[in-house]
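Enquirer: return a 3D structure for these sequence lines:
(one chain, ligands or ions: 1)
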Amino acid sequence: MAASENSTAEWESQYLHVLSAFLAMEPVGSVIALARECNGGSITDGAQRFLWEICVKAAASGNGSYAKKLLKKLINEVEVENGEVLDELYEEYALYMSTSKEDILAKENIRITKFISFLFPEGSYKHPSCPLSRKLVIHLQCSLNMLEGGTGCSIWPSSLFLSEFVLSFPELFANKSCFEVGSGVGMVGICLAHVKAKKVILTDGDLLTLSNMRLNLERNHLNYDDELLNQTGEAQSTRIKCMHLPWETASESELSKYCPDIILGADVIYDPSCLPHLLRVLVALLRKPTKRDNGSLKTEDNRDAQQGCSPKVAYIASVIRNADTFNAFLTLVDQMDLSITDVTAELTPRFELLPYMHSYDRSSVRLFSISSR
Ligand SMILES: C[S@@+](CC[C@H](N)C(=O)[O-])C[C@H]1O[C@@H](n2cnc3c(N)ncnc32)[C@H](O)[C@@H]1O
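Expert: Numbers count the residues shown, from 1 in each chain. Below is the predicted model:
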């Protein structure tokens, strides 16, 4: 089926999961498996054409090596099944083969751009966070691999979980002041802005991560650091601030200025040496402001504090990779007079917004709520 025989919109809707997986740079085998699912298990001419015309062509100007990998696997799978490979696929692959890997990489940044599509399922269309287009696509520049850009330039499963959580329970975050620790690429913050949190403070201890996060906010048309108009010139309802905040040096007086309603963190429990510092930050952010604190607050924060902070809570999403590290975290939580509850079952995201993302194992993530005793 050629693009001309069908409108691109209809085509994209038929292959929505395939396109979403491709744009999120899921493993190429997974993209092809999704294309098979659309056609009873086989890779039809229509599926090949969609992968070539819509996916591969779109990637040509950016993520060329990923497109090359997809083409190679696609051709291989069709050939193994004695199917007919479209000529265009051979031609495109030959073009990639004649370009050296160095040339492809030189054209690309060492950073790649993933487009994470949150797809709102049927039945959720009237939900407050569901956009008219029924999908929210977030552009995220990430590092090509873990060696470049530190851990904060990759997307971790807990931030996918926390993003689904925010989009599923917008009423918990709308009009609230939110503070995230170890924000990485900034995806959770972008979701918080989508559900109209009043204020979003995104922080990270790594400067490279912070500048990448700022770039991601710009790419998603969000202004930060007190620019109140977004890039389309409309008033932006959420105030966003990006801040360098290494847990080791964060001072209590600095933290007491913010008085957030909700603190968030995704995949921040992994380095035992950082845990006491992280806990100190959480304790300071969870503390209700005293009168003395109020006196020293800046005007705007003072106003928030005087309105009275609702019960403060920290939502920390985590994959427990090392039981000893997690137990050390629990011990510190107890020593610092905080209470922690596993709320994964109770607050599991209502909607599965990333159904195409087979690399994301939602069940591996636990959600904890932490508050002062
Ligand atoms: C595993 S990454 C998770 C990033 C993001 N939250 C996500 O889930 O995609 C951990 C994040 O915590 C930040 N981080 C690690 N140690 C830190 C510290 N001591 N102070 C502040 N941030 C820190 C890293 O820079 C990184 O962005």
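Enquirer: my guess is R366 contacts L347. True?
Expert: No: assessed by CB atoms under 8 Å, R366 is found out of contact with L347, at 10.8 Å. Placement of C-beta: from N, CA and C, glycine included.
Enquirer: what helix or strand is S133 on?
Expert: Assigned by DSSP states H and E, S133 falls within no helix or strand.
Enquirer: residue contacts, it?
Expert: Applying CB atoms under 8 Å, 6 or more residues apart in numbering to S133 gives no contacts.
Enquirer: number the residues from 129 up from this point.
Expert: Fine by me, first position is 129 from now on; the one you just mentioned is S261.
Enquirer: any idea how far it is from Q269?
Expert: For S261, the distance to Q269 (CB to CB, to the nearest Å) stands at 22 Å.
Enquirer: then L343?
Expert: To Q269, L343 is 6 Å away according to CB to CB.
Enquirer: could you do G211 as well?
Expert: To Q269, G211 is 36 Å away according to CB to CB.
Enquirer: these two: which has the busier surroundings?
Expert: For G211 against Q269, the residue with the higher neighbour count under other CB atoms under 10 Å is Q269, and the figures read 19 against 15.
Enquirer: quick check, the more buried one in a helix?
Expert: No: under DSSP: H, G, I helix; E, B strand; the rest coil, Q269 sits outside any helix and is assigned strand.
Enquirer: how about S487, what does it touch?
Expert: With contact taken as CB under 8 Å, 6+ apart, S487 is in contact with E154, P155, S158.
Enquirer: got the residues of this protein near the ligand?
Expert: Contact residues of the chain with respect to the ligand, defined by CB under 6 Å from any ligand atom, are listed as 278-280, 283-284, 286-287, 310-313, 332-334, 337, 373-376, 394-396, 402, 405.
Enquirer: tell me the pLDDT of whichever residue of the stretch 129-278 of the chain sits closest to the ligand.
Expert: With distances taken as CB to the nearest ligand atom, the stretch 129-278 of the chain approaches the ligand most closely at G278, which sits 5.7 Å away. According to the prediction, G278 has pLDDT 75.
Enquirer: skipping adjacent residues, who's closest to it in space?
Expert: In space, and not counting its chain neighbours, G278 is closest to D334: 5.1 Å by CB to CB, 6 or more residues apart in numbering.
Enquirer: which of the contacts of S487 count as buried?
Expert: Listed as buried from those are E154, S158; burial here means 16 or more other CB atoms under 10 Å.
Enquirer: S291 contacts F246, doesn't it?
Expert: Yes: under the contact definition of CB under 8 Å, S291 touches F246, with a separation of 7.0 Å.
Enquirer: looking at these two, which is more packed in?
Expert: The residue with more neighbours, out of S291 and F246 and counting by other CB under 10 Å, is S291; that gives 27 against 24.
Enquirer: please name the nearest non-neighbouring residue to that one.
Expert: C319 (4.5 Å).
Enquirer: strands of the chain, start to end?
Expert: With DSSP state E as the criterion, the chain has strands at 239-247, 263-271, 305-309, 327-332, 367-372, 390-394, 441-447, 466-470, 493-500.
Enquirer: cool, thanks, signing off.
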